[in-house]
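> Model the following, please.
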Amino acid sequence: MDRIKEKMNQLRLEADEASTQVEELKNKVKALEQENLSKEQEITSLSHKNAVLETDVEKLEEVVKNLKASADEGQQHGTQNETLTRRLQLLEEEAEAADKTLRETNEKLRQTDVKAGHFERKVQALEAERDQWESKYEEMAKKYETVQKELREFQDEIGNI
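Numbers count the residues shown, from 1 in each chain. This is a model prediction of the structure:
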């Protein structure tokens, strides 16, 4: 009789532990899904920023092209040419800065994609682990029911004696 009680208590403890672990895993999954959503939003933001920067680079390249053409036409005007050359240099520096920013943004986007993939794999692994724990929990619940049935049968047999 004491063995059955001990076994029942042990099964209850295991079931409680399994329930606690399932809840913890569910919370982990929620946290990872939230982090994944945050990363996806960051990707979207960086993609938009990337598109804006590419547009800016194209505009700046067009301006640089136009200024170079203007500089060629204005060679006879020394002071005007110097002004345009300085302006061209500033625009080229801006274009280089925009290009550098674009490269950095692309790198961040790539890193974010890598992290997002990592977190997706992590979420899948945690979901698989959660499913495994749920399966163990169901198995323990079935064992508990079987032990309960055996206990009732045993009690009935003892009652009939």
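> Centroid-nearest residue for the chain?
Taking C-alpha atoms, centre = their mean as the criterion, Asn36 is the residue nearest the geometric centre of the chain, at 2.7 Å.
> model confidence over the helix or strand containing that one, on average?
Taking DSSP states H and E as the criterion, the element that holds Asn36 is helix 2-73. Mean per-residue pLDDT for helix 2-73: 89.
> Next SSE downstream of that helix?
helix 78-160.
> just the angle between that next one and helix 2-73, please?
Direction vectors for helix 78-160 and helix 2-73, defined by axes from the mean of the first three to the mean of the last three C-alpha atoms, to 10 degrees, enclose an angle of 170 degrees.
> helices or strands next to helix 78-160 in the packing?
Packed against helix 78-160, as judged by 3 or more C-beta pairs under 8 Å, 6 or more residues apart in numbering; DSSP states H and E, are the following elements: helix 2-73. (Glycine included, C-beta is placed from N, CA and C.)
> on that earlier part again, from the chain's centroid, how far away is the helix holding Asn36?
In terms of C-alpha atoms, centre = their mean, to the nearest Å, the centre of helix 2-73 is set 2 Å apart from its chain centre.
> For that helix, which helices and strands make contact with it?
Using 3+ C-beta pairs under 8 Å, 6+ apart, the elements in contact with helix 2-73 are helix 78-160.
> Off-centre distance for the helix it packs on?
In terms of C-alpha atoms, centre = their mean, the centre of helix 78-160 is found 3 Å from the chain centre.
> Rounded mean pLDDT for that helix, please.
90.
> Can you tell me what sits against stretch 8-21?
The contact list for stretch 8-21, computed with C-beta atoms under 8 Å, 6 or more residues apart in numbering, reads Trp133, Lys136, Tyr137, Met140, Ala141, Lys143, Tyr144, Val147, Gln148, Leu151.
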